[in-house]
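Engineer: Sharing a model that was predicted from the sequence below.
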Amino acid sequence: MREMFTKSMARNIYYGGSVFFILLFLALTFDTHRAWPERDNRQAITEQVAEGKRLWEENNCIGCHTLLGEGAYFAPELGNVYKRFGENTEAIKIFIRTRPVEGIPGRRSMPQFNFTDAQLDALAAFLKYVSGINTENWPPNIQG
Amino acid sequence: MEYQTQAIAKPYFIAAIGLFVAQVIFGLIMGLQYVIGDFLFPEIPFNIARMVHTNLLIVWLLFGFMGAAYYLVPEESGRELHAPWLAKLMFWVFLIAGALTVVGYLAMPYARLAELTGNHILPTMGREFLEQPTITKVGIVVVALAFLYSVGMTVLSGRKTVINTVLLTGLVGLALMFLFAFYNPDNLAKDKYYWWWVVHLWVEGVWELILAAILAFVLIKTTGVDREVIEKWVYVIVAMVLISGLIGTGHHYYWIGVPAYWQWWGSIFSALEPIPFFLLTLFAFNTVNRRRRDHPNKATVLWAMGTAVMAFLGAGVWGFMHTLAPVNYYTHGTQLTAAHGHMAFYGAYAMVVMTIISYAVPIMRGQEAKSNRLQVMEMWSFWLMTVSMVFITLFLTGAGIVQTYLQRYTDTAQPFMVVQDKVALFYWMREVSGLIFLVGLILFIASFWPERVRQEQLEPQAA
């Protein structure tokens, strides 16, 4: 039995299997691209949203929060924060703006980033856009 | 040591372990911030500590992989390394670039670092694990290309073994997939889709080829088992890695705005991902059982078998636990992910790097194995680190299960921070386990400290 399964057969499975599944992965990726316009809320991506995403990145928000479940697990999920805050971008802006500079004694606290009003608008617009992506009803409830 | 150029691996190993220590210290800082929220705030906020912790992990593992390649490729190829000067130069380039990046993280707000390094020209920063300034990413590509040149030329002009070929495939894949780090569209769904091509196809793809190759090399050397048998195992393992892992990428695609069919593809194929890890465990035990010699380096054999078992538990079992879409719907992005991440990275990658260090460093010093006393110390470090990592994982799993229930599953879901307070006890116990892990790591280093001082003390007595 051991002799029937030779090294060259194992090698062929490795190369053949890899090539087959790379091609399958690429085909599925192609199909995903085809399906995206219906799902990824691209019509909501404005200049302001793009600016918000840059701010999200350049302040390393993912280092504490999760966004659609990915990131750090130290602070709340923000993919649905727009809905959790009652679909109110103003409430999001107020929350970010009012973080204490020296934190909260003994507690986790978001840093004070000193954003301008335009920057806060961009961040809120980005979070609103994210909440419109079709995530197959994830997260299970409003708490994220 | 058969070839002089194998010694190039040594500084790579030293840098790897040095950065590993720093990584664990930052892990302890974060662990404390989980329960004492204002610890070091606002000087080192959590996001900075976390970025340092994860980036150091990646960099020290890359140092470890490069060191492993520089050590084993000349021996496998039966010739000296091609362009050894380049390998020596790249060590300093990589170390200085890495150190400057970490200093940048700690010395200034992240937004300032983004501004200073011109992130607006080609924005790539601020995505999990890919936080490095764009210029650092370019540096990583340069180092990777130089490294692949040295190693690739050595393999191509020397003896082509299965270990060499698989290792080289893994390293080329590593460099190739990293290029997706430069693609960062405004469309978040697309951004995330291709971000996983770096992250998943590294740790659940090409890195596993590197892991299998390093482990196979050490097993051949320590057990004397016939190469033909080992090579067949390696092919089967890496075949299963790619057959399951490529489409297995889908298990990250459930909730990020792609078609729902990914839930099926991802669930089915990622459920197969434990198979190569199980084969790896069978392979290690089988090989050691059929050994033709008893290698004097007992500690290395312990590391090699430990790697196989812990990789299966951490990557295989803990990964499977939350990989099926209906389960992941509730567990996605909770402490269960953190639990899995810790044991998988330690079990598969940290341990394989320590395996090759354990094997190669004594040989570089001209002995087949360390003294019995130092080997015992090294085995203590193995058990302290491994057992404390098991407990870190178990405590985070406990936290994750409670979190999943209270925040996601129950009809009266509670807010994130309310739930975090309820699981604080788990975080405290995780922190204590982390301290024991650090003790284990220090013991590992101590077991490799040169014994010269002791010998000098002994000499007068001998005379």
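Structural biologist: Sure thing, it's come through.
Engineer: can you give me the strands in chain A?
Structural biologist: Counting by DSSP state E, residue ranges of the strands within chain A are A:66-67, A:70-71.
Engineer: measure stretch A:37-44 end to end?
Structural biologist: This stretch, stretch A:37-44, spans 11 Å end to end (CA to CA, to the nearest Å).
Engineer: Break chain A down into its domains, please.
Structural biologist: A:1-38, A:43-144 (automatic domain parsing).
Engineer: Single out the most deeply packed of those.
Structural biologist: For the domains of chain A, the stretch with the most neighbours on average is domain A:43-144, a mean of 19; neighbours defined as mean count of other CB atoms under 10 Å in any protein chain shown. C-beta coordinates here come from the backbone N, C-alpha and C atoms, glycine included.
Engineer: follow-up on the earlier one: Serialize the domains of chain A to a markdown table and add fields for distance to chain B.
Structural biologist: As requested, the domains of chain A are arranged in a markdown table below (distance: least, CB to the nearest CB, whole Å):
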| stretch | distance to chain B |
| --- | --- |
| domain A:1-38 | 4 |
| domain A:43-144 | 3 |
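Engineer: export the strands of chain A to a markdown table and tack on mean pLDDT and distance to residue B:382?
Structural biologist: Conversion of the strands of chain A to a markdown table gives the following (pLDDT from 0 to 100; distance: least, CB to CB, whole Å):
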| stretch | mean pLDDT | distance to residue B:382 |
| --- | --- | --- |
| strand A:66-67 | 98 | 34 |
| strand A:70-71 | 98 | 32 |
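Engineer: Just the pLDDT for residue 86.
Structural biologist: Here I'm looking at chain A. We note a pLDDT of 97 for residue A:86 in this prediction.
Engineer: Chain B is the one I meant
Structural biologist: 98.
Engineer: Isn't it up against residue B:148?
Structural biologist: No. If you go by CB atoms under 8 Å, residue B:86 and residue B:148 don't touch, sitting 10.7 Å apart.
Engineer: Can you list the low-confidence ranges for chain B?
Structural biologist: Regions of chain B meeting the criterion pLDDT under 70 cover residues B:452-463.
Engineer: Please parse it into its domains.
Structural biologist: In the assignment given by automatic domain parsing, the structural domains of chain B cover B:1-160, B:225-449.
Engineer: Where does pLDDT dip in chain A?
Structural biologist: By pLDDT under 70, the low-scoring segments of chain A are A:1-3.
Engineer: tell me what the longest helix seen in chain A is packed against?
Structural biologist: Scanning chain A for the longest helix, with DSSP state H as the assignment, gives helix A:7-35. Using 3 or more CB pairs under 8 Å, 6 or more residues apart in numbering or on different chains; DSSP states H and E as the contact criterion, the elements in contact with helix A:7-35 are helix B:227-248, helix B:261-271.
Engineer: The ones you listed into JSON lines, with extra columns for distance to chain A and mean neighbour count?
Structural biologist: Compiled in JSON lines, those are given as follows (distance: least, CB to the nearest CB, whole Å; neighbours: other CB atoms under 10 Å in any protein chain shown):
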{"stretch": "helix B:227-248", "distance to chain A": "4", "mean neighbour count": "23"}
{"stretch": "helix B:261-271", "distance to chain A": "7", "mean neighbour count": "19"}
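Engineer: Excluding chain neighbours, what is closest to the spatially most central residue of chain B?
Structural biologist: The residue at the geometric middle of chain B, judged as the C-alpha nearest the mean C-alpha position with CA atoms, centre = their mean, is residue B:349 (3.5 Å). Beyond its immediate neighbours in the sequence, the residue positioned closest to residue B:349 (CB to CB, 6 or more residues apart in numbering or on different chains) is residue B:61, lying 5.1 Å away.
Engineer: the helices in chain A, which residues?
Structural biologist: Counting by DSSP H, chain A has these helices, from start to end: A:7-35, A:47-58, A:81-84, A:89-97, A:117-131.
Engineer: residues in contact with the last one?
Structural biologist: In other words, helix A:117-131. Here helix A:117-131 makes contact (CB atoms under 8 Å, 6 or more residues apart in numbering or on different chains) with A:41, A:44-46, A:48-49, A:51-53, A:55-56, A:67-68, A:78-83, A:89-90, A:92-93, A:96-97, A:115, B:188.
Engineer: if I look at residue B:180, how far off is residue B:23?
Structural biologist: Applying CB to CB, to the nearest Å, one obtains 24 Å for the distance of residue B:180 from residue B:23.
Engineer: May I have the secondary structure class of the residue nearest to residue A:104 when sequence neighbours are not counted?
Structural biologist: The shortest distance from residue A:104 to any residue that is not its chain neighbour, by CB to CB, 6+ apart, is 6.5 Å, and that residue is residue B:38. For residue B:38, the secondary-structure state derived from DSSP: H, G, I helix; E, B strand; the rest coil is coil.
Engineer: List phi and psi for residue B:38.
Structural biologist: Residue B:38 has phi and psi values of phi -100, psi 10 when expressed as degrees, to the nearest 10.
Engineer: secondary structure class for the closest residue to chain A within the stretch 51-200 of chain B?
Structural biologist: Using CB to the nearest CB, the closest approach of the stretch 51-200 of chain B to chain A is made by residue B:126 at 2.8 Å. Secondary structure for residue B:126, judged by three-state DSSP, is coil.
Engineer: do the same with residue B:377
Structural biologist: With three-state DSSP as the basis, the three-state label of residue B:377 is helix.
Engineer: For it, list the residues it contacts.
Structural biologist: Each residue near residue B:377 by CB under 8 Å, 6+ apart is listed here: B:443, B:446, B:447.
Engineer: Export the helices and strands packed on helix A:7-35 as JSON lines, with columns for distance to residue B:161.
Structural biologist: What follows is the helices and strands packed on helix A:7-35, written out as JSON lines (distance: least, CB to CB, whole Å):
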{"stretch": "helix B:227-248", "distance to residue B:161": "7"}
{"stretch": "helix B:261-271", "distance to residue B:161": "30"}
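Engineer: Could you identify the helix or strand that succeeds the host helix or strand of residue B:327?
Structural biologist: Mapping residue B:327 onto the secondary structure by DSSP states H and E places it in helix B:325-331. On the C-terminal side of helix B:325-331, the nearest following helix or strand under DSSP H and E is helix B:335-344.
Engineer: Which residues does that following helix contact?
Structural biologist: Contact with helix B:335-344 is made by A:73, B:203, B:310-311, B:313-315, B:318-319, B:321-322, B:331, B:389-390, B:392-394, B:396-397, B:399-401, B:403-404, B:423, B:426, as judged by CB under 8 Å, 6+ apart.
Engineer: can you tell if the helix or strand where residue B:193 lies touches chain A?
Structural biologist: Element membership for residue B:193, per DSSP H and E: helix B:188-201. Yes. Under the criterion of CB under 8 Å from any CB of the partner chain, helix B:188-201 makes contact with chain A via B:188, B:189, B:190, B:192, B:193.
Engineer: ok now that helix, how far from the chain's centre?
Structural biologist: Averaged C-alpha coordinates place helix B:188-201 at 19 Å from its chain's average position (CA atoms, centre = their mean, to the nearest Å).
Engineer: Please name every helix or strand in contact with the next helix or strand after that helix.
Structural biologist: Next helix or strand after helix B:188-201 toward the C-terminus (DSSP H and E): helix B:207-223. Applying 3+ CB pairs under 8 Å, 6+ apart, one finds that helix B:207-223 contacts helix B:46-77, helix B:162-178, helix B:227-248, helix B:274-289, helix B:298-311, helix B:351-364.
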